[in-house]
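K.L.:
sequence and computational prediction follow.
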Amino acid sequence: MPKGTKTITVEVDAESGKVLAKDPPGASVKTIPMGDVTLAVRTGGTVVHHKIVHVPEYTVIHTQTNPTCRWIFLNGQWVLFCT
């Protein structure tokens, strides 16, 4: 993972709860409701999906497949921030 820091300015629409990227130019945001997320675990040759029932607010997940993006749990949904 590259060293240093990046800043993304976001807004949350109070009525819809939608998260919007505002700055830097080219930043993107994608949201996924909590009900649509499972944890996939490979056991032997089988993949088992587990429903996630609780995640603390502001949990951050970094993935190996896209190191420039971060999943953050905000307002009951997962938000993918990419710069």
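P.N.:
In hand now; what should we look at?

K.L.:
what helix or strand is the closest residue to residue 62 other than its chain neighbours located in?
P.N.:
Closest residue in space to residue 62, ignoring its immediate chain neighbours: residue 70 at 6.1 Å, by Cβ to Cβ, 6 or more residues apart in numbering. Any C-beta I mention is one placed from the backbone N, CA and C, and that applies to glycine too. In this assignment (DSSP states H and E), residue 70 forms part of strand 69-74.

K.L.:
for residue 10, same thing?
P.N.:
Following DSSP H and E, the helix or strand that holds residue 10 is strand 9-12.

K.L.:
what strands line up against that strand, and which way round?
P.N.:
Each strand pairing with strand 9-12, determined using DSSP bridges, is listed with its direction: strand 19-23 (antiparallel).

K.L.:
burial count for residue 63?
P.N.:
The burial count assigned to residue 63 is 10, neighbours taken as other Cβ atoms under 10 Å.

K.L.:
ok, and what's touching the strand holding residue 70?
P.N.:
12, 19, 34, 55-63, 78-83 (Cβ atoms under 8 Å, 6 or more residues apart in numbering).

K.L.:
what mean pLDDT does stretch 59-75 have?
P.N.:
In this model, stretch 59-75 has a mean pLDDT of 84.

K.L.:
any buried residues in that stretch, and which?
P.N.:
70-74 (16 or more other Cβ atoms under 10 Å).

K.L.:
which one of these sits closest to residue 25?
P.N.:
Set against residue 25, the nearest of the buried residues of stretch 59-75 by Cβ to Cβ is residue 70 (18.2 Å).

K.L.:
for that closest one, give its distance to residue 39.
P.N.:
Using Cβ to Cβ, to the nearest Å, residue 70 is found at 17 Å from residue 39.

K.L.:
in the protein, which residue is most central in space?
P.N.:
The residue at the geometric middle of the chain, judged as the C-alpha nearest the mean C-alpha position with Cα atoms, centre = their mean, is residue 71 (2.2 Å).

K.L.:
report the beta-bridge partner residues of that residue.
P.N.:
Beta bridges link residue 71 to residue 61, residue 80, judged by DSSP bridges.

K.L.:
check which helix or strand residue 7 maps to.
P.N.:
Remark: residue 7 resides in no helix or strand, with elements defined by DSSP H and E.
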